[in-house]
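*Asks:* Okay, here's the prediction I keep looking at, along with the sequence it came from:
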Amino acid sequence: MRLNGLLTLAAEAGGVDGAPKSFNDTIIDFQRAVLEMMTNSNTPHNLQCAVDRLAGVYTKTQVKKALEALTATGDLTYTEFSSASKVWVLNQETIDVMPQEELNAMIQSNQELEARFKELTAAVAEAKAQHQKLMAQPPTETLKEECARYQAQLETVKEQVAETKAQGCLTEPEADALHAEYAKIMRMWHKRRQALKDVMGDMGEAMEKTDAEIEEMARMEIEEDIESYKAYVKEFPLRVVKKVVPRRRAQR
């Protein structure tokens, strides 16, 4: 029995600070308190254990008399291990047995409640994870400041674009035409340079010199020309220009 219930029973007996005035006047209250305690626990108790479970509200003598009275009425049974040692237990025959159908229904209800508990536990865990994720995000004021900063940057870019257009830039068709003209000139340059290399190859055969020696004599800056062309292609990656690589004669 809970402590509050025991204190209430004692208070009903008229004692000071919840203690009964006398055993003779409150024997029914003692028996009721002891029987309730034994029924709720349904475990064996010796005298001292029963006194402790009653939270010291009643004296050892009062509890002993209540145990003996309940034994006489058949509510309790006891086992005597010695003349000074007895263990009382609730008479199991006085316990109402639940019908099997009601027991099955209770088991089914417990299983449903357990499944629901698991669902709610998972939902709580998910809610906590979402809460932690939201707490990890920047505060609203910080996001507003970032939006304002990006908006200011956008306005600056718009002003720069407007200033650039006002200065007279090439239109996209004009830029495409310029790139096409440049590519045409580069193809013509490579074609003529290849013709020159063929002539120099013939000269090398006649003079018994290698292509490298002839190029050195003619001071042809082959690598510099190629690197210049590569730089153009890298600067305008969206303009597809076919690069013509000069054909070299085999070294002799």
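*Replies:* Looks like it came in fine. Fair warning: this is a prediction, and the values are worked out from it, not measured in the lab.
*Asks:* For the stretch 1-150 of the chain, give me the ranges with low pLDDT.
*Replies:* For the stretch 1-150 of the chain, the stretches with pLDDT under 70 are 1-27, 83.
*Asks:* Just the strands from it, written as ranges.
*Replies:* Here the stretch 1-150 of the chain has its strands, by DSSP state E, counting those that start in this stretch, at 76-82, 85-90.
*Asks:* Would you mind writing the CA trace of the shortest one as PDB?
*Replies:* In PDB, the C-alpha atoms belonging to strand 85-90 read as follows (Å, rounded to 0.1, in the frame of the first residue of the first chain):
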ATOM      1  CA  SER A  85      10.000 -17.000  13.000                       C
ATOM      2  CA  LYS A  86       6.800 -17.000  11.000                       C
ATOM      3  CA  VAL A  87       6.300 -16.000   7.300                       C
ATOM      4  CA  TRP A  88       2.900 -14.800   6.200                       C
ATOM      5  CA  VAL A  89       1.500 -14.800   2.700                       C
ATOM      6  CA  LEU A  90      -1.800 -14.000   1.100                       C
END
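*Asks:* If you count contacts, what does that strand end up packed against?
*Replies:* helix 27-41, helix 60-72, strand 76-82 (3 or more Cβ pairs under 8 Å, 6 or more residues apart in numbering; DSSP states H and E). Yep, even glycine has a C-beta here, placed from its N, CA and C like the rest.
*Asks:* Now the first one: buried residues?
*Replies:* By neighbour count on 16 or more other Cβ atoms under 10 Å, the buried set for helix 27-41 is Ile27, Asp29, Phe30, Gln31, Arg32, Ala33, Val34, Leu35, Glu36, Met37, Met38.
*Asks:* in terms of contact count, name the helices or strands touching it.
*Replies:* Counting contacts by 3+ Cβ pairs under 8 Å, 6+ apart, helix 27-41 packs against helix 3-12, helix 47-53, helix 60-72, strand 85-90.
*Asks:* of all those, which lies closest to Lys144?
*Replies:* Nearest of the helices and strands packed on helix 27-41 to Lys144, taken as Cβ to Cβ: helix 3-12 at 55.6 Å.
*Asks:* quick revisit: nearest to Met203, of the helices and strands packed on helix 27-41?
*Replies:* Closest approach to Met203 among the helices and strands packed on helix 27-41 is made by helix 3-12 (120.4 Å; Cβ to Cβ).
*Asks:* Cool, thanks, signing off.
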